[in-house]
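Student: structure, please.
(chains A and B)
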Amino acid sequence: MTQKAASFPAQVRLREPAEFKRVFAKAERSSDKYFTILAIVNELDHPRLGLAIAKKNIRRAVDRNKIKRAARESFRLQQHDMTHIDLVVMARREAAAVDSKILQASLAKHWLKLIQRCATFS
RNA sequence: AGAGUUGGUUAGGCAGUCGCUAUCUCGCUUGUUCGCAAGCGGGGUAGAGGAAAGUCCGGGCUCCAAAGGGCGAGAUACCAGAUAACCUCUGGGAGGCGCGAGCCUACGGAAAGUGCAGCAGAAAAUAAACCGCCCCGCGCUUGAAUCCUAGAUUCAGGAGCGAGGUAAGGGUGAAAUGGUGCGGUAAGAGCGCACCGCGUGACUGGUAACAGUAGCGGCAUGGUAAACCCUAUCUGGAGCAAGAUCAAAUAGAGGAGCAGACGCGCUGCCCGCGCGGCUCCUGGGUAGAUUGCUUGAGCCAUAAGGUGACUUAUGGCCUAGAUGAAUGACUGUCCUCGACAAAACCCGGCUUACCGACCAACUCUACUU
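Tutor: As a prediction, the model looks like this:
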């Protein structure tokens, strides 16, 4: 497998509550008016993504789906530029109102910022 | 053609690239109890809704005792039917709205009992009082007429007092003790009559709600049950984070004996039932994983029955099953430029949200032939 596929299989997702707790405990933080994104270095050879879209902030199920899809899509396309870090994406209230292109642009900036910051620690 | 009513269908299309979930299949590798299993890669197929929503009703399913008894509490409320069931649906009745097609209705009981009624009004539930109207009596008084001027008598009127008759009228109010008309009377009154309304027991039609007919009764029974209440019917509780299986730590489960007070659960209370205590014996089941999880009161077609909801028969089909939670992103293109909004155990309904498009039946108005 020399050609890296832009895929999103199960092992690049955060699934266990314990894994989420580890990220929340002490993490690099990057936020704007749409998202707050947490990042921490992991012991694997690839990045992982977790989604924590609160029902309290994003009321309608349609909007929650839209935001999750935008996050996954952005991660999927750019994961090979990332180091071995765990990311957790949290949405803020304003994310429901805008369309997915704006969300994609916002996410791309966050990725870059967090990759750089984590690189300096490791 | 315009305006409208009812019912139904649909919910951007097409092509390409990259992804996600399930499933089938092929190849390779590893393991093998030779059934297969795991990993990687390729290909095929399927992949949100009419409301998936609100969680407002009704069921299935699961556990709580085989879900039990009584009290209490709650729900429903014209009649008949449909249904697994319903507060739903269908048909019918009654009342109301609309020229009409049609639409709307918390539509049982006030003649079992208790309670309530602001303002206004003469009076608000007890039938009377009050104002008013009428008659009679008593004196007083004004005018006119008659008689021989004092004065008397008669007629017409006025105010007062007393004794009675009335309930026609009384600006109100959501509601006023049947209504309208004619007769009747001193004035009046179902006092009498006609029509309307009401009550009542018959008859006719209808399964019934109810309707109609002729008769009888001169009218009794004011409103409020979205006040308590009465009557009839129904309802045990909790929910898929239900529950079941496999299983790291910690400590739980079953059986026998003892104890029978207290606590917890089953229902708010009582009865009743279960669990928990101590000793001995046998041996374990939280995180997590698997399952429950999609074949079902299922969908489609045809036929038959029924006004209809729906039912029955035959044939065909398998149509999401995620779980930090899939059904998407990008590009091109066309058009009428795409609303409201996304499964989470499953069904039947209700309610609410919604850009539109199309189809069918029907109604009204105008015009032409």
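
Student: so what's the residue nearest the centre of chain A up against?
Tutor: Nearest to the geometric centre of chain A sits A:Val89, at 4.3 Å (C-alpha atoms, centre = their mean). Residues counted as contacts of A:Val89 (C-beta atoms under 8 Å, 6 or more residues apart in numbering) are A:Phe35, A:Ile37, A:Leu49, A:Gly50, A:Leu51, A:Ala52, A:Ile53, A:Ala71, A:Leu107. (Glycine included, C-beta is placed from N, CA and C.)

Student: can you do 6 Å?
Tutor: A:Ile37, A:Leu51, A:Ala71 (C-beta atoms under 6 Å, 6 or more residues apart in numbering).

Student: just the element for it, please.
Tutor: Applying DSSP states H and E as the criterion places A:Val89 in strand A:85-91.

Student: next secondary structure element downstream of that strand?
Tutor: Next in sequence after strand A:85-91, counting helices and strands by DSSP H and E, comes helix A:100-121.

Student: other SSEs contacting that following helix?
Tutor: Applying 3 or more C-beta pairs under 6 Å, 6 or more residues apart in numbering; DSSP states H and E, we find helix A:100-121 packed against strand A:28-31, strand A:35-41, helix A:61-78.

Student: please identify the most buried of the ones you listed.
Tutor: Mean neighbour count (mean count of other C-beta atoms under 10 Å) peaks for strand A:35-41 among these, with a mean of 20.

Student: any buried residues in the helix or strand that that strand is followed by, and which?
Tutor: Next helix or strand after strand A:35-41 toward the C-terminus (DSSP H and E): strand A:48-52. Buried residues in strand A:48-52, counted by 16 or more other C-beta atoms under 10 Å: A:Arg48, A:Leu49, A:Gly50, A:Leu51.

Student: thanks again, I'm all set now.
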